[in-house]
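*Asks:* Sequence unavailable; structure follows:
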Ligand code: C5P
């Protein structure tokens, strides 16, 4: 089943402390951004990629797309102050499609199988997001003191991709913008509309490259995959 993907890539990467956009850092000789783009370039169901970028980085990114043979990028609109704004600026430029995926450019290890499951679920239910079950004991803490131990059975750690019927996420973003609501993921915007969001079991390897330790983990995953 076909889809287009929005990749927000306009962050500053402060937590990585690299002094540059962390997506330009290399994992086994290739920039993180290119690893992520290649997943979608190689997925025959992906019919278009929208990349939100910092305007001053656009020329460099365009050069990288040519260098690494990435052909599916349809637009590179300017990102915004927050990730949600970056996603929205892509959505505003897109033509309507059936299914749209939103995926952090900083998660290069997503697989075609998980993407396919998400696209199918979004087609069937309207909204589906990737997540993994919480592995550790989870506690609610206030001022350094445990308030309660939360039932782990019902807890999931949420990732991207997040997949939606185009009209649903478009409306959700529109409403959020009008009322000035800022969510930490796209699903929150859809939840606010009262629409059910389904979960698709993902992989613990689908980590976001956020801090320096993640790079070590990332290179280990690449080596193991050969
Ligand atoms: O900072 P974090 O890793 O959580 O950001 C997730 C993704 O969102 C990254 O790929 C980053 O480049 C992107 N982002 C963005 N615009 C922002 C902030 C983050 O496109 N204003």
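*Replies:* Happy to help now that I have it. Computed from a predicted model, the values in this text were never measured in an experiment. Residues are numbered from 1 along each chain as shown.
*Asks:* which residues pair with residue 142 across the strands?
*Replies:* residue 145 (DSSP bridges).
*Asks:* which one is residue 140 nearest to, not counting chain neighbours?
*Replies:* Excluding its sequence neighbours, the residue lying closest to residue 140 (Cβ to Cβ, 6 or more residues apart in numbering) is residue 147, at 4.5 Å. Placement of C-beta: from N, CA and C, glycine included.
*Asks:* leaving aside the residues next to it on the chain, what's closest to residue 136?
*Replies:* Residue 136 sits nearest to residue 152 (Cβ to Cβ, 6+ apart), 7.9 Å away.
*Asks:* re earlier: ok, the residue nearest to residue 140 - how many residues close by?
*Replies:* 10 (other Cβ atoms under 10 Å).
*Asks:* list the contacts for it?
*Replies:* Contacts for residue 147 were tallied using Cβ atoms under 8 Å, 6 or more residues apart in numbering; they are 139, 140, 141.
*Asks:* Report pLDDT for the second one.
*Replies:* With respect to pLDDT, residue 140 scores 96.
*Asks:* Correct me if wrong: it contacts residue 155.
*Replies:* No - using Cβ atoms under 8 Å, residue 140 is not in contact with residue 155, being 11.0 Å away.
*Asks:* on that earlier part again, may I have the residues that are in contact with the residue nearest to residue 136?
*Replies:* Residue 152 touches 133, 134, 136, 137, 138, counting by Cβ under 8 Å, 6+ apart.
*Asks:* Tell me the one among the residues you listed nearest to the ligand.
*Replies:* Lowest distance from the ligand to these (Cβ to the nearest ligand atom) belongs to residue 134, with 19.2 Å.
*Asks:* Nearest residue to that closest one in space, please, no chain neighbours.
*Replies:* Closest residue in space to residue 134, ignoring its immediate chain neighbours: residue 155 at 4.1 Å, by Cβ to Cβ, 6+ apart.
*Asks:* ok, the one you found to the ligand distance?
*Replies:* Using Cβ to the nearest ligand atom, to the nearest Å, residue 155 is found at 20 Å from the ligand.
*Asks:* Kindly report the same for residue 19.
*Replies:* For residue 19, the distance to the ligand (Cβ to the nearest ligand atom) stands at 15 Å.
*Asks:* can you tell me how far that residue sits from residue 217?
*Replies:* Computed as Cβ to Cβ, to the nearest Å, the residue 19 to residue 217 distance reads 21 Å.
*Asks:* the more surrounded of those two?
*Replies:* Using other Cβ under 10 Å as the criterion, residue 19 and residue 217 rank with residue 217 on top: 14 against 8.
*Asks:* The more buried one: what secondary structure?
*Replies:* Secondary structure for residue 217, judged by DSSP: H, G, I helix; E, B strand; the rest coil, is helix.
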